[in-house]
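K.L.:
what follows is a predicted structure for the sequence shown.
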Amino acid sequence: MINIIVGMITIIAFGFIVLWILRPSFRKWVEQPKYTMLENDRRFRLQEKGDSR
Amino acid sequence: MSDDTKDSATLRVQPNNGPLPDTEYDLIRWHGHAALFTVLISTLFGLAVATKFSFPTFMGGHAWETWGRLRYNHTQGIFFGWLGNAFIAFCYYVTPRLTNHAVTSRKLGWAIFWIWNFMVVLPGWVLVCMGFSQPLEWAEFPIIVDAFVILALVLMLVQFVRPYFRVPASELYVTGWYIVGGLVFTTFAYPIGNLVPQLVAGAKGAAFSGLWIHDAIGLFVTPLAVGMAYYVIPAVTRRPIYSHFLSMLGFWLLFFIYPLNGTHHYVYSAIPMSAQRGAIIASVYLGFDVILVVSNLLLSLRGSSSKVAGNVALRFIWFGTVAYLVVSLQGSIQALMPVNRFIHFSDWVIGHSHLAMIGFASFTAAGALAHIWSRIPGVRYSERAMNWAFWLLAVGLVLMVVDLTSAGLVEGQMWVSRAPWIDSVRAAYPFWLMRIFSGLPIIAGFILFWAGLVTGPRNGDRTVTLASLREARDEEDEPAAVRFAERIPSFLSYAFVVAFVAGFGFFVLSFVVLGLVPAMRLQAEINRTAPRSMQPLTAGEEHGREIYGREGCAYCHTEQVRTITADVQRFGAPTAAWETQYDYPQLWGTRRIGPDLSREYGLRTDDWQLTHLFNPRSTVPDSIMPGYSWMFDGSAARPTNDALDLVAYIHSLGRERALAGDSNQAQVDRGSAMEMSSSYGSQGVPDTFPRMNTLGLDDSAPLLARASSSDPIRVARGAAIYQHNCSGCHGPNADGQGIAAAGLMPQPINLRMERFSGAHLSTVLWDGVYGSSMPAWRQLERNDLEDVTAYIETLQSPQQAVSMSPSDLNAAQQIYSAHCVSCHGADGSGDGPAAGGVQPSPVNFHVMQPNSQRALTVITSGIPGSAMPAWKDVLKPDEIKLLISYVEQMYVDDKEAARP
């Protein structure tokens, strides 16, 4: 059973890697949250600085 | 894999100018302070526990402060109090930032705060001190507390996970995935890990316990800590992480693989090998996943090394990330069978767990708290204090981990040798002492960390420094980086996927693969192999078992003989699944400080066990076991029912296996297939295993009396060995007046008043004396036993030269025949018709000669605790005198014959 599970994990992971390589739109989609996070953190940081002052 | 320049060129920013959701700063601050308060209390528990290793009587006078209870409170305090509060504070901070929604309810937040701290942590500590607990690793708080933990977890789902459900997956940052996955998984795994072992017995329950032991770390601590790292690094560096795709891959692999690790805590156990093998493979696979995650985190710091050095929060995170890599690879390696065989149960594992919980989790949590505190408007924050805290914690941790890892290697080496168990305890003394000192900077570090949260300038009042100017400039330059994707796929749009696949789906997978399936196989094995006559514990034994669990005995003494040579040589046949079928919950244990107890049946007397329980150093002078004097009414001879029941339980360990005989070969055969040599024969046990001799003299005992008895060096060595092993009972002067003597019946022999033949002395040392508290010492090295023998020979009273006239001899013979022959036999060999029912066996006068004074005492007063009665009211003084001479003249010294 563990062989099936490990094999399945490996195949799925490689499938996503192949998808990442072949589909630029997937790359954009999957990387987008890291920019969203930074933008949100920046807005909150500015608000916090405003509150402090 | 990711390139900011490329990404920023192709992605477009979609500014969000809407109002920002509220952040619950008050709740963050309260949980932050609660985290620091509880970590200080928890580390003090830990320091007390560590101190007891070197000073066993330290804080040893009351039940509430005994080692086991403080140990429970140490780990549970760290888990719930410190990390739990820190994680909750973090969730309050990041949830609005990652979801653009406030947490569900402020009132709910206060409810969670009160439940977590005042219905879980505080009552948990108090109840454990009062003796209400469960002896399951990472699940020690009693079941009533578990109910509130589950309630708090459910409320946390409502509070924190709900906002994530409103965010499309394409905007859900990896930290949010970890929070959702971790909280959902833990809500399911916690009751399974805490309640199922109470309902499923023995080996089957251990399979579920193994799941929780690792899920607590892997699916609660790890996701939240990794989520913290993924948030703080970009927040401080103001650059996006290296690759969100890699972070996703790491997330899914973690949630897929980590739940399958648990059974690696029970390698070489009775749990089916397929489950063990699966856990080992998953552990190795997990190592690769961690390499991926840590690479992504460290690559996210590219070009930001000056910030790692200059920003203490980031430095904490960096240290935690590196520790995560080290501890995970260490975990992968130590799950491998050849390594596991050597270091499992040793202090290596304790070093590993401290590296995980302090090095990885605590450093990361501290970094996140420091980062949050530096941002909360109006609170005080001292970077200087934080800086000191970092270095103190780092120094203390490194010292502790190196020390415990070294200790583990030493212990492992001792355990695979044939050295007596107590030698491994002695060898670990210096390491345990060092561990105390390593704890001091850790406590100081946490104190300074807390000081960093309440001292220093208030946020907003900071002096403008070069660093802050640079920070402001960075902000102006803030890229262009922050851009949104052009198009969002509609599939996988919500955090529901994370919650139900990672949080619930993988929980079910691990529950089935490592819990249900092994349990079903174990049940089939039990049905096939269990003897039909197997009886459950008596009510008293069951009560003793509860006390055993309550006092944390299983945290020093395992109840599982593993299928490895070293275990079998030392303890006996490997533990079979059927032996544990009435154990609710299982008490297999994951650590050995004292020896395994699963083959304790018949090894020692009640007196020995009670005396040992009252004051362990009375019977084992170098023991570090705490005494349980409150289970006695002032002395070892006056045990309470608790003490009697506990000893009754200890005596029951291995009883069913012994009564069933060793014909059950399932476990032994499996051990043979894996490692053990089949040369142990049908019993599967080598002859070094110290079994009590129940059938009189054992011809297999080697002759230990050697010509070396006159060698002063060996005599001196024997004296030292005697002091370490024998003086507790026989006394430092060998006069039978050791501190344990008062509680032993019959009392230990005064070695200065008896003389033994070489064969008899050898047999007693090899086999012990059945029916007395004299244990078998065959686990000692042969040389050691010979030296002890040499030393004892120097103590013995000189051989009594006896000459009797024919008339006296005849009269003495008549007295002897009338009164002594039924036990001691016609010729004094101790084999009279009544001898078979007498324990300890009557003295064989051919191999043991009391001096006249001792013989007079015994004949007139008898030997309390044996079948030897007092004869002073039956025999006249002249008759006793004749009898003494008669038995003394039977002695035959065989030592001359033994000399070459």
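P.N.:
Sure thing, it's come through.
K.L.:
what does chain A put close to chain B?
P.N.:
Residues of chain A found near chain B (C-beta under 8 Å from any C-beta of the partner chain) are A:1-2, A:5-6, A:9, A:12-13, A:16-17, A:20, A:25, A:27-45, A:47-49, A:51-53. Where you see a C-beta, it was placed from the backbone N, CA and C, and this is true even at glycine.
K.L.:
what subset of the residues you listed is buried?
P.N.:
Neighbour counting by 16 or more other C-beta atoms under 10 Å in any protein chain shown classes A:2, A:5-6, A:9, A:13, A:16, A:20, A:27-44, A:48, A:52 among those as buried.
K.L.:
take the residues you listed and keep only those in strands.
P.N.:
Judged by DSSP state E, strands contain none of these.
K.L.:
any weak-confidence spans in the chain?
P.N.:
Picked chain A for this. For chain A, the stretches flagged by pLDDT under 70 are A:1, A:51-53.
K.L.:
um, chain B though
P.N.:
Within chain B, the stretches with pLDDT under 70 are B:1-17, B:460-498, B:662-701, B:705-709, B:799-800, B:895-900.
K.L.:
ranges for the strands of it?
P.N.:
Here chain B has its strands, by DSSP E, at B:754-756, B:848-850.
K.L.:
could I get those strands as TSV with mean neighbour count?
P.N.:
Below are the strands of chain B laid out as TSV (neighbours: other C-beta atoms under 10 Å in any protein chain shown):
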stretch	mean neighbour count
strand B:754-756	23
strand B:848-850	23
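K.L.:
skip the chain neighbours and tell me the closest residue to B:I78.
P.N.:
Sequence neighbours aside, B:S42 is the residue nearest to B:I78 in space, at 4.7 Å (criterion: C-beta to C-beta, 6 or more residues apart in numbering or on different chains).
K.L.:
how many neighbours does the one you found have?
P.N.:
24 (other C-beta atoms under 10 Å in any protein chain shown).
K.L.:
try B:A720
P.N.:
Other residues near B:A720 come to 13 when the count uses other C-beta under 10 Å.
K.L.:
quick one: contacts for it?
P.N.:
Neighbouring residues of B:A720 by C-beta atoms under 8 Å, 6 or more residues apart in numbering or on different chains: there are none.
K.L.:
what sits against the closest residue to B:L153 other than its chain neighbours?
P.N.:
In space, and not counting its chain neighbours, B:L153 is closest to B:T187: 4.3 Å by C-beta to C-beta, 6+ apart. By C-beta under 8 Å, 6+ apart, the contact list for B:T187 reads B:I150, B:L153, B:V154, B:M156, B:L157, B:G503.
K.L.:
now the strands of chain B in TSV, with distance to chain A?
P.N.:
Shown next, in TSV, are the strands of chain B (distance: least, C-beta to the nearest C-beta, whole Å):
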stretch	distance to chain A
strand B:754-756	58
strand B:848-850	60
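K.L.:
these into TSV, with extra columns for distance to B:G836?
P.N.:
Rendered in TSV, the data for the strands of chain B read as follows (distance: least, C-beta to C-beta, whole Å):
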stretch	distance to B:G836
strand B:754-756	23
strand B:848-850	19
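K.L.:
and of those strands, who's closest to B:G452?
P.N.:
B:G452 sits nearest to strand B:754-756 of all the strands of chain B, at 68.4 Å, using C-beta to C-beta.
K.L.:
got a list of contacts for the closest one?
P.N.:
With contact meaning C-beta under 8 Å, 6+ apart, strand B:754-756 is reached by B:764, B:792, B:796-800, B:847-851, B:854, B:891, B:893.
K.L.:
let's see that with 6 Å instead.
P.N.:
For strand B:754-756, the external contacting residues (C-beta atoms under 6 Å, 6 or more residues apart in numbering or on different chains) are B:Q796, B:S797, B:Q799, B:M848, B:Q849, B:P850.
K.L.:
just stretch B:831-844 next, same as before
P.N.:
Contacts of stretch B:831-844 with the rest of the structure, by C-beta under 6 Å, 6+ apart, involve B:V769, B:G771, B:S772, B:V821, B:S822, B:C823, B:H824, B:G825, B:S829, B:G830, B:S866, B:A867.
K.L.:
how about the fourth one: what's its closest non-neighbour residue?
P.N.:
It refers to B:V821. Nearest residue to B:V821, sequence neighbours excluded (C-beta to C-beta, 6+ apart): B:G832, at 5.6 Å.
K.L.:
from B:A719, how far out is the one you found?
P.N.:
Distance from B:G832 to B:A719, counting by C-beta to C-beta, to the nearest Å: 37 Å.
K.L.:
tally of neighbours for B:I372?
P.N.:
Per other C-beta under 10 Å, the neighbour tally for B:I372 reads 28.
K.L.:
so what does the longest helix along chain A touch, helix or strand wise?
P.N.:
Looking across chain A with DSSP state H, the single longest helix is helix A:24-52. Helices and strands touching helix A:24-52, by 3 or more C-beta pairs under 6 Å, 6 or more residues apart in numbering or on different chains; DSSP states H and E, are helix B:85-99, helix B:244-257.
K.L.:
ok and that helix relative to helix B:85-99, angle-wise?
P.N.:
110 degrees (axes from the mean of the first three to the mean of the last three C-alpha atoms, to 10 degrees).
K.L.:
how far away from the center of its chain is helix A:24-52?
P.N.:
The chain centroid and the centroid of helix A:24-52 are separated by 12 Å under C-alpha atoms, centre = their mean, to the nearest Å.
K.L.:
and the gap between whichever residue of the stretch 701-850 of chain B sits closest to chain A and B:A419?
P.N.:
The minimum distance from the stretch 701-850 of chain B to chain A, using C-beta to the nearest C-beta, falls at B:Q779 (38.1 Å). According to C-beta to C-beta, B:Q779 and B:A419 sit 8 Å apart.
K.L.:
pick out whichever of these two has more residues nearby.
P.N.:
Neighbours were counted for B:Q779 and for B:A419 using other C-beta under 10 Å; B:Q779 has more, 21 against 18.
K.L.:
and the residue nearest the centre of chain B?
P.N.:
For chain B, the residue lying nearest the average C-alpha position, counting by C-alpha atoms, centre = their mean, turns out to be B:R591 (3.1 Å).
K.L.:
over to it: give its phi and psi.
P.N.:
The phi/psi pair for B:R591 (degrees, to the nearest 10) reads phi -150, psi 140.
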